[in-house]
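1. Please work out how this folds:
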Amino acid sequence: MAVIGVGNCASSLIQGVTYYQKARDNEFIPGLMHVNLGGYHISDIKFVAAIDIDKNKVGKDLATAIFTPPNNTFKFSDVPQTGVKVARGMTHDGLGKYLSQIITKAPGATADIVKILKETKTDVVINYLPVGSEEATKWYVEQVLEAGCAFINCIPVFIAREKYWQERFIKKGLPLIGDDIKSQVGATIVHRVLTRLFRDRGVRLERTYQLNFGGNTDFYNMLERDRLESKKISKTNAVTSQLDYKLSPDDIHVGPSDYVPWLTDRKFCHIKMEGRTFGDVPLDLELKLEVWDSPNSAGVVIDAIRCCKLGLDRKLKGSLIAPSSYFMKSPPVQYTDDEAHHMVEKYIADTRTGQVAEPGKQSKQGGK
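-> Residues are numbered from 1 along each chain as shown. The predicted structure is shown next:
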């Protein structure tokens, strides 16, 4: 594994790999969907490369860098020194107006990313860049393709769902999973499941909002509204894809709302849903969810990594449909979460599977 962006999400993931080293295959372990996935235990995940631009992280051992401010997520495990030094990455648009006030770019030239990935024999690269890093993400994808690695895109820059990138990965014979990670029990999946529940139970959803705020650098970065376009599209489509009719844009609002520093990596979500039930009688639902944001996503990423490695083992190429649909907000094809869960379990179990997206195929409203 190589990680691009050594922030809170990387910290939780790397802590988790240490924390669950001795998890038993035959037990239900809190926080995990699979201890052993397709023959790969969590202890099989090895971090061999890390990339960042923060001068306080570049050059440090990865085990030290993940606990370096402005990282502020929950520390639930000590991590032994890895021997992996954080390399200086490319900036492009990865450092926005607000993050540049608290992060100083490391001096020196950008490291040879392709050389690092090849020399470390990296199998899978994961993208943890800040929201809005459109050009930086595309630059890194080019490096990943040249190095011959699989790719997991955890941010709302559209790669796995786009025909152009699907064809590039197919040509290179490499799998990818994306786009925009869906947390274990987070705002998006809760909102999606409730939306589908309304539809399945005959309630017509007429208006809804989802407001999120927190105190990590992700929320600080998203104060810059120009960086939010793809994030809002991703989160909104994740919800509306569960309906077979269209909501007016004026009747749905999904997205980050504010930054509260003292919350650190905690995230608060408020969901409101208004609809009509039997006899056109009104129904009103309100929900509040509080999570630690980064561990909540790591519980999903730890499975996405192993599904991506299975794709490599099976010589699959292009966007992997089942893992993308279950793990991501904006996959190439949207399914209901029940359907996607069934598909990903079949993908894990079936060594003959060839589930990859047809280049350019987009989801239909309603999920098929």
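2. Determine the longest helix present in this structure.
-> Criterion DSSP state H: the longest helix present in the chain is helix 293-313.
3. Tell me which residues are up against whatever helix or strand comes next after that helix.
-> Note on helix 293-313: by DSSP states H and E, the next helix or strand toward the C-terminus is strand 318-319. With contact meaning CB atoms under 8 Å, 6 or more residues apart in numbering, strand 318-319 is reached by 160-161, 166-167, 169-170, 175-178, 331-332, 356-357, 359. Quick note: C-beta positions are derived from backbone N, CA and C, even for glycine.
4. how much space between the closest residue to residue 182 other than its chain neighbours and residue 65?
-> With CB to CB, 6 or more residues apart in numbering as the criterion, residue 182 has its nearest non-adjacent residue at 5.0 Å, and that residue is residue 329. For residue 329, the distance to residue 65 equals 27 Å [CB to CB, to the nearest Å].
5. now residue 129
-> Going from residue 129 to residue 65 by CB to CB gives 15 Å.
6. what's the neighbour count on the closest residue to residue 221 other than its chain neighbours?
-> In space, and not counting its chain neighbours, residue 221 is closest to residue 130: 4.7 Å by CB to CB, 6+ apart. Residues contacting residue 130 under the criterion other CB atoms under 10 Å number 24.
7. returning to that earlier point: list only buried entries from the contacts of strand 318-319.
-> Applying 16 or more other CB atoms under 10 Å to those, the neighbour count classes 160-161, 166, 169-170, 175-178, 331-332, 356-357, 359 as buried.
8. Strands along the stretch 1-150 of the chain, start to end?
-> Taking DSSP state E, counting those that start in this stretch as the test, the strands found in the stretch 1-150 of the chain are 2-4, 36-37, 40-41, 49-52, 86-88, 124-127, 150-153.
9. Then the stretch 251-368 of the chain?
-> Here the stretch 251-368 of the chain has its strands, by DSSP E, counting those that start in this stretch, at 252-259, 266-276, 282-292, 318-319.
10. Return the member of these having the minimum mean pLDDT.
-> Ranked by mean pLDDT, these bottom out at strand 252-259, which scores a mean of 89.
11. so what does that one touch, helix or strand wise?
-> strand 204-214, helix 217-221, helix 229-240 (3 or more CB pairs under 8 Å, 6 or more residues apart in numbering; DSSP states H and E).
12. residues in contact with the first one?
-> Contacts with strand 204-214, where a contact means CB under 8 Å, 6+ apart, come from 187-188, 191, 195, 198-199, 219, 235, 239, 243, 247, 251-260, 263, 265-276, 293.
13. Report the contact partners of residue 40.
-> Counting by CB under 8 Å, 6+ apart, residue 40 touches 306, 309, 310.
14. which among the residues you listed end up buried?
-> 306, 309, 310.
15. related to what we said a few turns ago, dump the contacts of residue 40 to a markdown table, plus pLDDT.
-> Converted to a markdown table, the contacts of residue 40 look like this (pLDDT from 0 to 100):
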| residue | pLDDT |
| --- | --- |
| 306 | 98 |
| 309 | 98 |
| 310 | 97 |
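16. these two touch, right, residue 29 and residue 20?
-> Yes. Here residue 29 reaches residue 20: they are 6.9 Å apart, a contact under CB atoms under 8 Å.
17. between the two, what contacts are shared?
-> With CB under 8 Å, 6+ apart, residue 29 and residue 20 have common neighbours residue 35.
18. quick one: which of the two has more around it?
-> A count of neighbours by other CB under 10 Å puts residue 20 above the other of residue 29 and residue 20, at 18 against 14.
19. so how far is residue 326 from that one?
-> Counting by CB to CB, the gap from residue 20 to residue 326 is 20 Å.
20. One more: residue 54?
-> From residue 54 to residue 326 the distance is 32 Å (CB to CB).
21. what do you get for residue 292?
-> To residue 326, residue 292 is 22 Å away according to CB to CB.
22. Look at these two and report which has more neighbours.
-> residue 326 (26 against 19).
23. Test my guess that the more buried one contacts residue 339.
-> No. The criterion here is CB under 8 Å, and residue 326 misses it with residue 339 at 9.0 Å.
24. Give me the below-cutoff pLDDT ranges for the chain.
-> Within the chain, the segments meeting pLDDT under 70 span 351-355, 357, 360-368.
25. What is the burial count for residue 200?
-> Counted with other CB under 10 Å, residue 200 comes out at 11.
26. what does the one 3 residues further on give?
-> The number of residues packed around residue 203, counting by other CB under 10 Å, is 17.
27. ok, now which ones touch it?
-> Residue 203 makes contact with 275, 276, 277, 283 under the criterion CB under 8 Å, 6+ apart.
28. Equivalent analysis for residue 17, please.
-> Contacts for residue 17 (CB under 8 Å, 6+ apart) come out as 42, 43, 45, 47, 302.
29. Next one: it relative to residue 350, how far apart?
-> Separation of residue 17 from residue 350 (CB to CB): 26 Å.
30. One more: residue 340?
-> For residue 340, the distance to residue 350 equals 15 Å [CB to CB].
31. cool, and residue 269?
-> From residue 269 over to residue 350 the distance is 35 Å, taken as CB to CB.
32. These two: which has the busier surroundings?
-> Neighbours were counted for residue 269 and for residue 350 using other CB under 10 Å; residue 269 has more, 21 against 13.
33. thought that one was touching residue 296?
-> No. Residue 269 is beyond contact range of residue 296, at 10.7 Å (criterion: CB under 8 Å).
34. How far does stretch 44-61 sit from its chain's centre?
-> Relative to its chain's centre, stretch 44-61 lies at 19 Å (CA atoms, centre = their mean, to the nearest Å).
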